[in-house]
Each structure stands twice: as C-alpha cells, then as structure tokens.
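Need coordinates for the below:
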Amino acid sequence: MSLVRLNIKGISYSQTQNGAYALILNEVDGDRKLPIVIGAFEAQSIAIALEKEIRPPRPLTHDLFKNFADRFDIIVKQVIIHKLVDGVFYSSLICERDKIEEIIDARTSDAIALALRFQAPIFTYKNILDKAGIYLKVNPKKEDEEQDSILVDDLIAEEIEAAAIEQEGYTEKSLEELHNLLEEAVNNEDYEKAAKIRDEISKR
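Residues are numbered from 1 along each chain as shown. Predicted structure coming up:
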C-alpha cells in the first residue's frame, strides 16, 4: 500500500461536541483533507506547537515526552496513520535509538502533537485517504489570506463536522442501533465515542 504525506491545515472547534475539535490534515500532493476529531487538550498542545512564539511556562505532556526522548537519544522519525475503524484513526510512531527502529502504537492526536515537536513527517495510506478524505469548497483567495491561521472558519468547520460524522457511519444507523452502540461505548469507557453517538441520537 502506498503512503501519502500529509500536512496540518488547521484546527476547527466542533459545533456539536463540547470541548472537541477537528484537526484538518491536508494531502501534500493533492486537494483532499482528512478531518480527525480530537480532544481539547490535544488541540491546545498541537496549536502551541504550531505557534512557535508561544512557550508555556512549564512543559506540557508532549513537551515532557520530547525532553525525555532527547535525553535518551530517541528520535521520532515519522508518524503513520495506518488504520480507520468505526471512525477512529489508529497511528504508529516510527522511532529510532542506536540505529534500531521501533514502532509504537499511539492515539493519532498524540502522534501528531509529537510529530510537530520532532519535525517528523506525517503519512497515511492511500486507501484511508480514499475512504475518509474530503474536498472542502474553499475560496482559494480566502485560503491564501488565512494560510497562517490555525483556526478555520465556521463554514469549513460545519462541513468538516458533517464529514467526520458521516465517516463514523452513525448517520446510517437506526436509533436502536445507536442506543446499543452508546451502551457498548460507555461499558468500554470510550467516552469520546459515546459523546459522538449521543449527539447523533439528540439530532434525531
């Protein structure tokens, strides 16, 4: 399977999920965007890493990991978003120490926060982008003007939100199926997924 390189386009505030954000990744050699729903802490950590001038007084968790890795000569070489199951993206950190390569499982939001700190490239497989990638209807002139902005505007945010929900397949489920999925998510302590299902039930 061929790898596709991604860049970070921006972060949008979720219109339906309190405290959630959508991270937008952009295909380097194409026009597709990959929206990924992430939590507020991870969004803040990614935003701080993108804004080079902002330096928190104490290291955040991802800064601590970077400091720890630097101390023990561990390098994050690249991040690969390798799987998409039920709207959840799975990622791997490709690390190296003493010329020995290791692959470490990570949440995608954490992996990207670390990729920024290590200046490591981000990749996904073509089949994942084919499945979950979207085209945003953005005015090219406006996009150029806002190139340096981390937060994307509300219209784009709404489009991303709709695409992320559709990606998870909840719109096709019946109410009974959604209630069963909600119960399963709560039992598995997957509260992020439970919040998304709850929001879809509320819309009905």
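
any weak-confidence spans in this protein?
Residue ranges of the chain with pLDDT under 70: 14-19, 53, 137-172, 191-192, 203-204.

And the strands in it?
3-13, 20-27, 33-39, 75-85, 88-97, 100-107, 122-125 (DSSP state E).

Include distance to L181 when you put the ones you listed into TSV, please.
For every residue, glycine as well, the C-beta is placed using N, CA and C. Rendered in TSV, the data for those read as follows (distance: least, CB to CB, whole Å):
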stretch	distance to L181
strand 3-13	25
strand 20-27	18
strand 33-39	16
strand 75-85	13
strand 88-97	13
strand 100-107	20
strand 122-125	25
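
Pick the most buried one from the ones you listed.
Each of the strands of the chain was scored by mean neighbour count; the highest is strand 33-39, a mean of 24, by mean count of other CB atoms under 10 Å.

Looking at the strands of the chain, which is nearest to E51?
The closest of the strands of the chain to E51 is strand 3-13. By CB to CB, the value is 11.1 Å.

now the closest one and strand 75-85, what's the angle there?
80 degrees (axes from the mean of the first three to the mean of the last three CA atoms, to 10 degrees).

how close does G133 sit to L84?
As judged by CB to CB, to the nearest Å, G133 and L84 stand 11 Å apart.

just V37 next, same as before
12 Å.

And the protein, split by domain according to the record?
Domain segmentation of the chain under automatic domain parsing yields 3-168, 170-203.

Next, the buried residues of the shortest one.
Yep, that's domain 170-203 we're talking about. 170, 173, 178, 181-182, 185, 193-200 (16 or more other CB atoms under 10 Å).

so of those, which ones are in helices?
178, 181-182, 185, 193-200 (DSSP state H).

between the residues you listed, which is nearest A20?
Taking those together and measuring to A20 by CB to CB, the closest member is A195, at 7.3 Å.

how near is the closest one to E184?
Distance from A195 to E184, by CB to CB: 14 Å.

Equivalent analysis for A47, please.
With distances taken as CB to CB, A47 is found 32 Å from E184.

try R5
Distance of R5 to E184, given as CB to CB: 35 Å.

Which residue is the nearest non-sequential neighbour of K83?
Of all residues not flanking K83 in the chain, Y90 sits nearest, at 3.9 Å (CB to CB, 6 or more residues apart in numbering).

can you tell me which residues contact that neighbour?
Going by CB atoms under 8 Å, 6 or more residues apart in numbering, Y90 touches 81-84, 105, 108.
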